[in-house]
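Undergrad: fold the following and give me the result.
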Amino acid sequence: MNLIKQDRFLVCGGILVMMMTILSYRVIDLQWLSRKEQTERAKHTSHYKTIQYPANRGLIVDRNEEPLVMNIPLTNIYADKYHLEDENLISWGVAYKRLKDTPEWGQASDQERRRLLSNKRFSLLNNEFPATLVTEHYAYIVSLLAQPLQLDKAELSALLHHPKKKYIRLYKDLGLVESDRLQALLKENRVYGINFEKRLTRYYPMPWLATHLIGYTKGYQGETGVEARYNESLTGKDGFHKRKSTPNNLSIYTDEEELALPEQGLNVQLTIDTTLQAIVEEELDKGLAYAEAEQGCAVMVQPDTGEILAMVSRPHYNLNTREGVAKGSRNYILKTALEPGSTIKVLTMAAAMNERLVTANTVIDCEYGYYKDDHVTVKDSYPKDKLSVAQILAKSNNIGTYKVGRQLGRRRHGEYLEAFGLNTPTGLGWKGEVRTKGLPGRYPQDFASSTFGYAITTTPLHMALAYAAIANDGVKMRPSVVRAIISNEGEVIDENRPEQERRVLEADVARSLRRAMVSVTEEGSAKNARVLGYNVAGKTGTSYKTVEKIDPETGKKSWGYDVKNNVVYCSFGGMMPAEKPAFVCYIVVDAPKTKEVKRYGGTLAAPIFANIARRAAEYLNLEPTEQVENLSE
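TA: Presented below is the predicted three-dimensional model:
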């Protein structure tokens, strides 16, 4: 008997030793011998999942910190079928569905509900087929989501049961309130497997305002305007959460997780004033409608700083919807090179006065409308005999202007045009600024024409900045449209402080010239630019527009002036108050078609200035420079 027990003991001991030996070998195999193989297998059974947390793009604000651009969160809703068909997850939703309308659930406390839900789930997992749970869970999801997502139940069910896709987008760009409400609904109903992928998009609270200046984004990256020009500053640094997950996309929580919080981009403060921008836009739109013109612009500059206060191009578009972008994406102010016409006469007179060749009172023989020498012919539509320099500006006389310019000579005249900035980029640093021809050709007729606004091209912004130098007592300032780059903590990272480019005119010459320009609005071609209570200094301009023409007989295309149909630019450059201007505004009406009035700068552009200046003076609280009678008496 003892031998039998001893044999049994030996057998059992042998089996135990054999099992321990096998187990030990397996441990050694896993830890050492098959480590490479197991590592490779692990790579195929788990992977790292990275969740991106988008960073807020910086804001764009005006000079008074009024937001022009904001960020709004949007959510894409996805169905994850790996989760939606995992019985361990969906059992929670099915358990809640079966319990929520029962009297027992309605009377239970929160703690009792947790117990009821857990017991019901355990019962489902042990007593029901997984396929039954999946079918019931899908039906439950359809009943919950169809109305919030504004989808037909059959349509939603078809999306969820896509035969090939395991990750299905159910809705694109759901708003913040709706997204939060839907997440709360799913959480309450214990539904898992519906994912919310949030992203940020730009929202423009005033989508028709300053469209060409602000610009827009594409894929949350700057595409045009300030959005593109300062994209690097505005763009933040996205955050992320990197962690392991199973092939079914279930998270595996380990110590190897990586987490980085998003860093918001910097904010860009513009020099424009939203109120002034709105005033300029409204009055330009009215003026273009009256003139029956589809294109035009207006730019307002603060002369002592060079800051752009308002910048308006037409046509334009909606920044949010991009409505009108195909036709209105071109920034007229920066991308239109035109012959300025008579507004250039102010610069010709400025140069001659600064060289002490003439004063505002110097009298010039204007040849009664026709002048010709060996190389040059100059005509005037409204013949005059003898006029002072101030009167030449007031009457916009070509012959008188040329004779003054001739005293300067081609070289000195060109040097002054360059000093005013007409032959170089504006200095705004804007991408796509059109190349201009700020100097005339070498022929005498070209020089003659350039003194009164032909044979050279400028942009409206060039002219506005030249006038701003006159308004600033002869000092040209570097233009700016961005005032500062600011962090979210309010720290100024970069700042564009007012900077003098050069002195173009002596201060006394600039003041004398402004007084002469007042005569243009008081007794000359720009009476429609007058503003009650203020002296306005300005100058009108009308020039033919170069257009494509087609010969009706041969069909041949050519470029030139359409004199027959009177296709012109009507412009006006003005400043107010003339004694110490608070702003300069330059306006262009492109190819007006109206027949209500003659198509001149004085009839179509000057009234726009007057309406802008009147409202701007009230907004800026400018003190009147002229006594105004009490009209109420």
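
Undergrad: where does the closest residue to G524 other than its chain neighbours fall, secondary structure wise?
TA: Closest residue to G524 in three dimensions, ignoring its sequence neighbours and counting by Cβ to Cβ, 6 or more residues apart in numbering: A394, at 3.0 Å. The way it works is simple: take the backbone N, C-alpha and C, and place the C-beta from them, glycine included. Element membership of A394, judged by DSSP states H and E, is helix 389-395.

Undergrad: so what touches that helix?
TA: Residues outside helix 389-395 that contact it (Cβ atoms under 8 Å, 6 or more residues apart in numbering) are 345-346, 349, 352-353, 358-362, 364, 366, 382, 384, 387, 397, 400-401, 404, 515-517, 519-520, 523-525, 539.

Undergrad: check stretch 217-236 too.
TA: Stretch 217-236 is contacted from outside by 54-58, 60, 69, 199-202, 211-216, 262-268, 270, 329, 429-431, 481-482, 485, 493-494, using Cβ under 8 Å, 6+ apart.

Undergrad: make a PyMOL selection of the buried ones in the residues you listed.
TA: Entered in PyMOL, the line below selects the buried ones among the contacts of stretch 217-236, by 16 or more other Cβ atoms under 10 Å:
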select buried, resi 54+55+56+57+58+60+69+200+201+202+211+212+213+214+215+216+262+264+265+266+267+268+270+329+430+481+482+485
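
Undergrad: residue ranges with poor pLDDT in the stretch 351-500 of the chain?
TA: For the stretch 351-500 of the chain, no stretch is flagged by pLDDT under 70.

Undergrad: pull the helix or strand with minimum mean pLDDT from the chain.
TA: Least confident helix or strand of the chain, by mean pLDDT, DSSP states H and E, is helix 35-45 with a mean of 51.

Undergrad: output stretch 85-99 as PDB, nothing but the C-alphas.
TA: Provided in PDB are the C-alpha atoms of stretch 85-99 (Å, rounded to 0.1, in the frame of the first residue of the first chain):
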ATOM      1  CA  GLU A  85     -20.900  46.600 -32.700                       C
ATOM      2  CA  ASP A  86     -19.000  45.900 -29.500                       C
ATOM      3  CA  GLU A  87     -21.400  44.100 -27.200                       C
ATOM      4  CA  ASN A  88     -19.600  45.300 -24.000                       C
ATOM      5  CA  LEU A  89     -20.200  48.900 -25.000                       C
ATOM      6  CA  ILE A  90     -23.600  48.800 -26.600                       C
ATOM      7  CA  SER A  91     -25.100  46.800 -23.700                       C
ATOM      8  CA  TRP A  92     -25.100  50.000 -21.700                       C
ATOM      9  CA  GLY A  93     -27.300  51.800 -24.200                       C
ATOM     10  CA  VAL A  94     -29.700  48.900 -24.700                       C
ATOM     11  CA  ALA A  95     -30.000  48.400 -20.900                       C
ATOM     12  CA  TYR A  96     -30.800  52.100 -20.400                       C
ATOM     13  CA  LYS A  97     -33.400  52.000 -23.300                       C
ATOM     14  CA  ARG A  98     -35.200  49.100 -21.600                       C
ATOM     15  CA  LEU A  99     -35.100  50.700 -18.200                       C
END
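
Undergrad: contacting residues around that stretch?
TA: Stretch 85-99 is contacted from outside by 83-84, 105, 116-117, 120-121, 124-125, 130, 133-134, 136-137, 140-141, 189-193, 248, 250, using Cβ under 8 Å, 6+ apart.

Undergrad: can you give me the buried ones in the helix or strand hosting L125?
TA: Assigned by DSSP H and E, L125 belongs to helix 110-127. Neighbour-count burial for helix 110-127 flags R113, L116, L117, K120, R121, L124 (criterion: 16+ other Cβ under 10 Å).

Undergrad: just the residues contacting it, thanks.
TA: Outside helix 110-127, the residues that touch it by Cβ under 8 Å, 6+ apart are 87-88, 91-92, 94-96, 98-99, 104-105, 108, 133, 190.

Undergrad: of the residues you listed, which is the most crowded?
TA: Comparing the contacts of helix 110-127 on neighbour count, V94 comes out first with 25 neighbours (neighbours: other Cβ atoms under 10 Å).
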